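*Asks:* Quick one: sequence and predicted model below, then my questions.
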Amino acid sequence: MGCYAEAVWSLLPGVGDEPALPKDTGWVVLSAGHPAPGEVRRHVRSAAQVLVITPPGELPAPRDGVRYAPFELGPPPRLSAAARLTAAQGFGAAVLLDGIEGTSGRILADLARAGVSRVAWRTLDGWLVTSTRAAVLRKPWARLERYIGRSRFGSWYRRRMLRARAYLALKHRNSQSFLGQREWDQHLARVGLRRRPRAGRQLTVTLYIGQLNSGGAERQCVNLAIGLGRLGHRVRVLTTYPMSDENAHYCDDLRRAGIRFGVAGGRLAPGVRDKLRDLAIHPDLAGSLPEVIRNPVLDLAGELLAEPPDVLHCWLDYPNIIGAAAGAMVGAPHVVLSTRNVNPTYFPAFYQTWMDSWYDTLCRLPQMHLLANSTQGAADYARWLDMPLERFEVIYNGVDLAAMTDPEPDDVAAVRSELALQPGQPLVVGVFRLAQEKQPLLWLDVIERARQQLPDLHAAIVGVGELRPEIEKRIAARGLQRVVTLLGQRKDVPAILAAADIKLLTSKVEGTPNVILEAQWAGCPPVATAAGGTPDALVHDATGVLCGVEDVEALTAGVVRLLSDDVLRHEMARAGRAFVRERFSVSRMVSTQVSYYESLIGPVPPEVQEGDEVVVRAASSGHAGSGHAGNRPFAGTQHHAARATDSAPGSAPGQHDTRDDHLAGAAGP
């Protein structure tokens, strides 16, 4: 919890009534973080003894009847022996701070065996209390809901569920009821849209993202921040989570470019506490937010009051919902919600069922604008949210061509030497997170089959992730220890791509994969599944090979075909470099993004003095469900994307980007 969330809670001491659990027993609190005793006591004031079960790490000191025990990370996560023993000593109820979706089914089963008979978690309709055994059975039901959400019945099912929730909220009205369109409209009408005129052509932009690890969305966010700074715009980057270790991968790039960055709520700016008091956030508004995003929303709201931007640009689903709620709470004039992949129901470990209704409510407010980085991704989100495709603009990713300069021959030779390759020995490389959606086990199947026809084939994977132990077991089981090398997270990705003959990507879902663009720039033709935005990132049979998702036969044939035909491979390498230069430079992405911001903001009224704040009372967004919902139309994005897809890879190149910010690490969406 950051300083602004603390300030809001201090102004709203009555928010967050505790669940109706037995008062004559100790309570277990399950959390994905390490909440301080004071924060825990806001939820469980009545219990004399509280056992907080959290991930391993440095735990807070016991205080005020609150003590701590770690759980085991697994997979799957489960209670440690010490935690089970403690829970069995008089703790009869549990509070799930991260909700049922964010809690391991194995942990719930362990609690039931330890004698914890009741559990409670906050839903959009208030606290839900049920038996622990019933909660265990809800886990497979949640998986079924995710499956239904991805099916052709998904839109119908969500509409029915939203109507049911709205009916229950009206019938059983209380401070934790689900807040629908009308409540946000009323709040927005009260606070208005707070617009500050700009100084000349200068924009003030806040970019908000979960963290700055080595993922592809994080890379694009940093590329945009540095590009905006070099054009003279005021920009800062805020994150949800503290930046350390892997979460700080791109901090040095921002620091070198002079871009301000930090965690939202990390520092209390002068006067913001008074602004929060004046804003008079209603208890319904704060208390109704899902537990896992409530404090981040309040922290970001404080940051927006401390330094109001012209545009708040959010990246990825959690930050999108957090940013939309915070922006609506303080009356931010323009909030861009940037989707970077297909919709979150494809990611079971990440998706939460409350995302549907909060996206549905917040996206229909007048200052919300929807952005995607691929036409396929935009269509998928439009289908999921049951919104017109016209609500989305499409701006392609940008590859920093200057940073992707050809590596030195010695660096390329060092990579091949590290892998103990012979001259001319073929190398297939994969650069991706070791996560389920990237299908690394399928990647290994393709390598194993291709090696049956090309016995000297070698393969290497660059990237980190939770599936590494499983990948290592598969490599050992198939006898591929001398064939496949796991390189982990690397800074020399350009040299690795230049040392390879083919880039192989077997993803089940994708945004616009940066690494496909980087591989083509490095002269390494990709063989990839046609998942998500990948078809936008290469030209089939001209700059690479596209195959069906999970089509092992086609992927194997593509690898063997390119490795067996040097002339074809070299032609694709030349065409791929021209294709990336023309369509995917960072300079083009940044200039298109600036034009998009300008289209949202519009001209500044001449009678308004620079620096004066204009409060525009917002009209109801009730008419926004079928159209652009207050978005100013922008002709330079979606139509531009369609033209680019139709043009030939060898046509005249676009402007060369000359920035020198670093691009490295395993690519993501």
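*Replies:* Arrived safely, thanks for sending. It should be emphasised that the depicted structure is a prediction, and the values quoted were computed from it without experimental measurement.
*Asks:* low pLDDT regions in the stretch 151-300 of the chain?
*Replies:* 151-189, 192-200, 282-285, 287-288 (pLDDT under 70).
*Asks:* ok, 90 please
*Replies:* Counting by pLDDT under 90, the stretch 151-300 of the chain shows low-confidence ranges at 151-202, 213-216, 241-249, 266-295.
*Asks:* mind listing the helices in it by residue range?
*Replies:* Using DSSP state H, counting those that start in this stretch, the helices found in the stretch 151-300 of the chain span residues 154-171, 181-191, 216-230, 251-257, 272-279, 283-287, 291-306.
*Asks:* For the stretch 401-550 of the chain, give me the ranges with low pLDDT.
*Replies:* Low-confidence segments of the stretch 401-550 of the chain (pLDDT under 90): 401-407, 435-437, 465-466, 489, 491, 509-514, 532-533, 536.
*Asks:* so where do the helices sit in it?
*Replies:* Along the stretch 401-550 of the chain, the segments classed as helices by DSSP H, counting those that start in this stretch run 409-418, 440-453, 468-477, 493-499, 514-521, 534-537.
*Asks:* now those in a markdown table, with mean neighbour count and distance to Gly271?
*Replies:* The C-beta positions use only the backbone N, C-alpha and C, and glycine is treated the same way. Listed next are these as a markdown table, based on neighbours: other CB atoms under 10 Å; distance: least, CB to CB, whole Å:
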| stretch | mean neighbour count | distance to Gly271 |
| --- | --- | --- |
| helix 409-418 | 15 | 51 |
| helix 440-453 | 20 | 50 |
| helix 468-477 | 14 | 48 |
| helix 493-499 | 24 | 45 |
| helix 514-521 | 29 | 40 |
| helix 534-537 | 25 | 45 |
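*Asks:* Buried ones in stretch 571-580, by neighbour count?
*Replies:* Within stretch 571-580, the residues scored as buried using 16 or more other CB atoms under 10 Å are 572-573, 575-580.
*Asks:* Can you tell me the centre-most residue of this structure?
*Replies:* Against the mean C-alpha coordinate of the chain, by CA atoms, centre = their mean, the closest residue is Leu316 at 3.3 Å.
*Asks:* So what does the residue nearest to Ser374 when sequence neighbours are not counted look like in phi/psi?
*Replies:* Nearest in space to Ser374, with sequence neighbours left out and distances taken as CB to CB, 6 or more residues apart in numbering, is Gly533 at 2.6 Å. Main-chain dihedrals, Gly533, degrees, to the nearest 10: phi -90, psi 10.
*Asks:* Gly533 reaches Ile516, doesn't it?
*Replies:* No - at 9.4 Å, Gly533 does not count as touching Ile516 under the criterion of CB atoms under 8 Å.
*Asks:* How is the chain divided into domains?
*Replies:* Domain ranges of the chain: 17-174, 198-398+586-602+618-646, 409-582, per automatic domain parsing.
*Asks:* Now distance to Tyr4 too, for the ones you listed, in CSV please.
*Replies:* Formatted as CSV, these follow (distance: least, CB to CB, whole Å):
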stretch, distance to Tyr4
domain 17-174, 14
domain 198-398+586-602+618-646, 3
domain 409-582, 31
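*Asks:* can I have stretch 251-267 written out in CSV, keeping just the CAs?
*Replies:* Extracted C-alpha coordinates of stretch 251-267, given in CSV (Å, rounded to 0.1, in the frame of the first residue of the first chain):
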residue,chain,number,x,y,z
CYS,A,251,15.1,1.3,-15.4
ASP,A,252,18.6,2.1,-16.6
ASP,A,253,17.2,3.0,-20.1
LEU,A,254,14.8,5.5,-18.6
ARG,A,255,17.5,6.9,-16.3
ARG,A,256,19.9,7.4,-19.2
ALA,A,257,17.2,9.2,-21.2
GLY,A,258,16.3,11.5,-18.3
ILE,A,259,12.7,10.1,-18.0
ARG,A,260,11.2,10.3,-14.6
PHE,A,261,9.8,7.0,-13.2
GLY,A,262,8.7,5.5,-9.9
VAL,A,263,6.1,3.4,-8.2
ALA,A,264,2.6,4.9,-7.8
GLY,A,265,2.1,6.1,-4.3
GLY,A,266,5.9,6.0,-3.5
ARG,A,267,6.1,9.6,-2.3
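*Asks:* can you pull the buried residues of that stretch?
*Replies:* Within stretch 251-267, the residues that count as buried by 16+ other CB under 10 Å are 251, 253-254, 257, 259, 261, 263-265.
*Asks:* quick one on the thing from earlier: I'd like to know which of the domains of the chain is closest to Leu11.
*Replies:* Closest approach to Leu11 among the domains of the chain is made by domain 198-398+586-602+618-646 (5.8 Å; CB to CB).
*Asks:* right, and the residue nearest to the centre of the chain touches Pro344 too?
*Replies:* No - the criterion here is CB under 8 Å, and Leu316 misses it with Pro344 at 9.1 Å.
*Asks:* May I have the residues that are in contact with Val29?
*Replies:* 35, 40, 43-44, 50-53, 94-95, 97 (CB atoms under 8 Å, 6 or more residues apart in numbering).
*Asks:* Could you turn the buried ones of these into a ChimeraX selection?
*Replies:* The ChimeraX command for the buried members of the contacts of Val29 (criterion: 16+ other CB under 10 Å) is given here:
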select :35,40,43,44,50,51,52,53,94,95,97
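*Asks:* Out of the contacts of Val29, which sit inside helices?
*Replies:* In helices, defined here by DSSP state H, the members of the contacts of Val29 are 40, 43.
*Asks:* between the contacts of Val29, which is nearest Arg474?
*Replies:* Lowest distance from Arg474 to the contacts of Val29 (CB to CB) belongs to Ile53, with 32.4 Å.
*Asks:* so that closest one touches Pro77, yeah?
*Replies:* No - counting by CB under 8 Å, Ile53 does not reach Pro77; the two are 9.9 Å apart.
*Asks:* Show me whatever sits in contact with both of those two.
*Replies:* 71, 107.
*Asks:* any idea how far Val394 is from Thr592?
*Replies:* Distance of Thr592 to Val394, given as CB to CB, to the nearest Å: 10 Å.
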